[in-house]
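1. mind looking at a prediction? Sequence and model below.
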Amino acid sequence: EVIRNFEGVYGLVPSEKYLAESTDPVVSFDHASSTDVFTTAYGTSIDSSDELADFMIGTVDGRPVAHSVNEVSDANADMLRTAQNMHRATLDAWVAPPHVQVIEIVGVGLNTIKGFRYQEFLKQTCIPAGTTSSVVCAYDPYYEPVPMFTQYGDETVVAHSAEAYAGDKLTYYVDLDEVRTTNPEDIKKHADITGLGALQQFIGGLLQNTTVSVPFIYGIQPTFNNTREVIAVHSPVSLTLTDTLGNKVGKFSDGSNITVITTVPGSSYFEIGGATYIIVPSTTEYDVHITGKEEGSYTMTINTLVGEAPASLVSAFPHATTTSTMLAGFSKRLGVYGDIVIDYNGDGIIDEQKTIDGEPITADVFQTLRDEMSALVLLKQSERDWLIHAVTRAERTGERKGYGSDGVVRIFAQVDARLVQYRTDGLVTDVEYNTMKTLMTEIMSR
C-alpha cells in the first residue's frame, strides 16, 4: 500500500517512448493456467504504454485480489495516468536550451533487470489423511515475476533509459564490469558510481572543457558477451553461494546485522517477488547453500545467460520439499554439478541426496559395481567378498555423509589399490579395471 500510493514511483514506470523504442518487452507471460487471465487479456507480452497501464491498474483482466508479494497488485490509476501524461507532454520530448550542453554518463556492465516474465510454479500442500499418520499432498499452480537481465545497465538503470535524451549531446559509458574486474575492492554501481576516482577525474576535465583520457570510460558503448549463471530459488528458502576462494554472495548475518555480500567476482544478488537470484560468471566454481525458512516446497532453477540472448535452462528442481530446519546444498567443480544433499532436520546427517534436476539417487550404480566384482572369475571368493563388502560400506557411508565424502573416498581408494595390484598380477583385465574405476568415479562425483 505504501508503494501503491507513492507518487514519485510512477515517474519511473517505462514511458510510451521507452516502450516504442525498446526491442524487448518489459512484461511477458507463460502460457499456463495461473497466468491465463493475463494471456487472455494481453497476449504473451505487454507491447504499449496503454496496455502496460491496463495491466498495472488491473481493470481489464479481472484477476483476483493479490494476497502475496509475488502476485500482481493494482496500481493507483490517477497517479499512473498523471505520470504517463507528464512523460508524453513534457519529459520524453524535452530538450535543453540551445546554450546548454548535455552530457550523458551511462553505467554499463552490471546485471540489471530489464523486464519480468510471469512464470508458473507449483506449490506443495499436504494435509493429514484421515485418522492415520499419513498425509495427502497436492501441487497447486501459482505464478511469480521472474526478472529478465541485461548487462547494459548499472544494476539499477538500463542503458536504454540512461541514454534516452533526444537532443544534441555527448554520451560516455562507464564500464563497471571492467572496474570490478580490475579493482575488486572498489566495486561501484548505480548508487555510488560518482565515487569512482576515474569518473571524478573525467567529470573534472569536462567542467574545464577538456576531455581527459581515463580508464573505464569510453565514447562508444562496450560490448558484453559474458556467459553467466543464474541460480534461483522460489520461496520459502534462502540461498547463499561461496566460491573456492571463500568469496560470498547472499545475505549473511554477523549475529546482530544481516548484510548482502557480493564479493564473488562478477556476482549479483536480487530478491524479487519472494524469490532469490544469484548471478555468477559461468566459470566460477562454487558451493551453494539452501536454508529452509518454513514447511512447504520450493523450486530451484539454474539458467545460463550469454550476452543478451534469452536465458537457457540448465536444470530445474521443481516443488522440492523444505522444512524450517532444512539445510541443503550442492557444488560445481570443473563445469560439473554435484548432487544436492539434504538434511531436513538440521542434525548434520544427510537424509536424502538428489540430482540438481530433483531425481533421486538410487543404489543401481552400487549394485552394478558389486555385480562387476562378483564376475571376477580369476579371484578367490574371499577376495571378491572383500571387494563387495567394501562397496556396501561405501554405500552406507554415502547415505549418511554424502557419496563424495571423505569416508567414501577412503574406502574406494583402498578398493582401487587392490584392483591395481590384481591388474598388475594379471588377475583383473584392463577392461574390468576400467569399468569398475569408472563406476567408483561416478559414485564419488555425486
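-> Yes, it's here. Numbering: from 1, shown residues only.
2. can we go C-alpha only for contacts and neighbour counts from here?
-> Noted.
3. what about the helix or strand harbouring Glu144, average pLDDT?
-> Assigned by DSSP states H and E, Glu144 falls within strand 135-150. Here strand 135-150 scores 87 as its mean pLDDT.
4. and the next element down the chain from it?
-> Criterion used, DSSP H and E; the element after strand 135-150 is helix 159-162.
5. with just CA atoms, put that next one into PDB.
-> Only the C-alpha atoms of helix 159-162 are listed here, as PDB (Å, rounded to 0.1, in the frame of the first residue of the first chain):
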ATOM      1  CA  ALA A 159      21.400   1.900 -20.600                       C
ATOM      2  CA  HIS A 160      18.400   2.400 -22.900                       C
ATOM      3  CA  SER A 161      16.800   4.600 -20.300                       C
ATOM      4  CA  ALA A 162      20.000   6.400 -19.200                       C
END
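6. what's it packed up against?
-> strand 103-108 (3 or more CA pairs under 8 Å, 6 or more residues apart in numbering; DSSP states H and E).
7. helices or strands up against the strand it packs on?
-> helix 159-162, strand 170-175, helix 176-182.
8. tell me how far it lies from the chain's centre.
-> Offset of strand 103-108 from its chain centre (CA atoms, centre = their mean, to the nearest Å): 27 Å.
9. can you give the strand pairings for it, parallel or anti for each?
-> strand 170-175 (parallel) (DSSP bridges).
10. how much space is there between the closest residue to Leu170 other than its chain neighbours and Tyr18?
-> Excluding the flanking residues, the one nearest Leu170 by CA to CA, 6 or more residues apart in numbering is Ile103, at 4.7 Å. Ile103 is 20 Å from Tyr18, where distance means CA to CA, to the nearest Å.
11. cool, Asp154 as well?
-> Asp154 is 18 Å from Tyr18, by CA to CA.
12. repeat for Val26
-> 10 Å.
13. least confident secondary structure element in the chain?
-> Every helix and strand in the chain was compared by mean pLDDT, DSSP states H and E; the lowest is strand 352-354, with a mean of 84.
14. give me the contact list for the next helix or strand after that strand.
-> Following strand 352-354 in sequence order, the next helix or strand is helix 364-374 (DSSP H and E). Contact partners of helix 364-374, identified using CA atoms under 8 Å, 6 or more residues apart in numbering, comprise Arg384, Asp385, Leu387, Ile388, Val391, Thr392, Glu395, Glu432, Met436, Leu439, Met440, Ile443.
15. pretty sure the third one belongs to a strand, no?
-> No: the assignment for Leu387 (DSSP: H, G, I helix; E, B strand; the rest coil) gives helix, which keeps it out of a strand.
16. correct me if wrong: it contacts Gln414.
-> No: at 9.4 Å, Leu387 does not count as touching Gln414 under the criterion of CA atoms under 8 Å.
17. any idea how many residues pack against Glu442?
-> 13 (other CA atoms under 10 Å).
18. surely it is in a helix?
-> Yes: counting by three-state DSSP, Glu442 falls inside a helix.
19. ok, it - contacts?
-> Contacts of Glu442 by CA under 8 Å, 6+ apart: none found.
20. per-residue confidence at it?
-> At Glu442, pLDDT is 80.
21. quickly find the element holding the closest residue to His31 other than its chain neighbours.
-> Among residues not flanking His31 along the chain, Thr39 sits closest, at 7.0 Å (CA to CA, 6+ apart). Under the criterion of DSSP H and E, Thr39 resides in helix 36-42.
22. next, the buried residues of that helix.
-> Asp36, Val37, Phe38, Thr39, Tyr42 (16 or more other CA atoms under 10 Å).
23. pLDDT and distance to Val69 added to those, as TSV?
-> What follows is the buried residues of helix 36-42, written out as TSV (pLDDT from 0 to 100; distance: CA to CA, whole Å):
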residue	pLDDT	distance to Val69
Asp36	95	19
Val37	95	18
Phe38	97	17
Thr39	96	20
Tyr42	96	22
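24. state the distance from the most centrally placed residue in the chain to Asp168.
-> Nearest residue to the geometric centre of the chain (CA atoms, centre = their mean): Ile231, 2.5 Å. With distances taken as CA to CA, Ile231 is found 42 Å from Asp168.
25. if we can go back for a sec, of Val26 and Tyr18, which one has the most company?
-> Shown here are Val26 and Tyr18; by other CA under 10 Å, Val26 has more neighbours (21 against 17).
26. and the more buried one, what pLDDT?
-> 95.
27. got any ranges where the protein has weak pLDDT?
-> 129-135, 361-363, 446 (pLDDT under 70).
28. what are the buried residues along the helix or strand just after the helix holding Thr39?
-> Per DSSP H and E, the first helix or strand lying C-terminal to helix 36-42 is helix 49-57. Residues of helix 49-57 classed as buried by neighbour count (16+ other CA under 10 Å): Ser49, Leu52, Ala53, Asp54, Phe55, Met56, Ile57.
29. angles on the backbone of Asp254, please.
-> Main-chain dihedrals, Asp254, degrees, to the nearest 10: phi -100, psi 10.
30. how close does it get to Glu295?
-> On the measure of CA to CA, Asp254 and Glu295 end up 25 Å apart.
31. for those two, indicate the residue with more neighbours.
-> Here Asp254 and Glu295 are compared on neighbour count by other CA under 10 Å; more neighbours surround Glu295, at 17 against 7.
32. check contacts around that one.
-> Glu295 neighbours (CA under 8 Å, 6+ apart): Pro236, Thr321, Thr322, Thr323, Ser324.
33. give me the neighbour count for the closest residue in space to it that isn't next to it in sequence.
-> By the measure of CA to CA, 6+ apart, the closest residue to Glu295 outside its immediate chain neighbours is Thr323, 4.2 Å from it. Residues lying near Thr323 (other CA under 10 Å) number 19.
34. what do you get for the one 5 residues further on?
-> Using other CA under 10 Å, Ala328 has 21 neighbouring residues.
35. ok, back up a step: just checking, the residue nearest to His31 touches Val27?
-> No: using CA under 8 Å, Thr39 makes no contact with Val27, being 11.2 Å away.
36. now for those two: what residues contact both?
-> Ser45.
37. tell me if Thr82 really is in a strand.
-> No: read with three-state DSSP, Thr82 is helix and lies in no strand.
38. please report how far it lies from Lys248.
-> From Thr82 to Lys248 the distance is 43 Å (CA to CA).
39. which one of the two is surrounded by more residues?
-> Lys248 (22 against 14).
40. quick check: phi and psi at Ser28.
-> Per degrees, to the nearest 10, the backbone of Ser28 is at phi -140, psi 170.
41. check contacts around it.
-> With CA under 8 Å, 6+ apart, Ser28 has these contacts: Thr44, Ser45, Ile46, Phe116, Arg117, Tyr118.
42. nearest to Pro184, of those residues?
-> Phe116 (29.6 Å; CA to CA).
43. what about that closest one, distance to Glu51?
-> Taken as CA to CA, the span from Phe116 to Glu51 is 15 Å.
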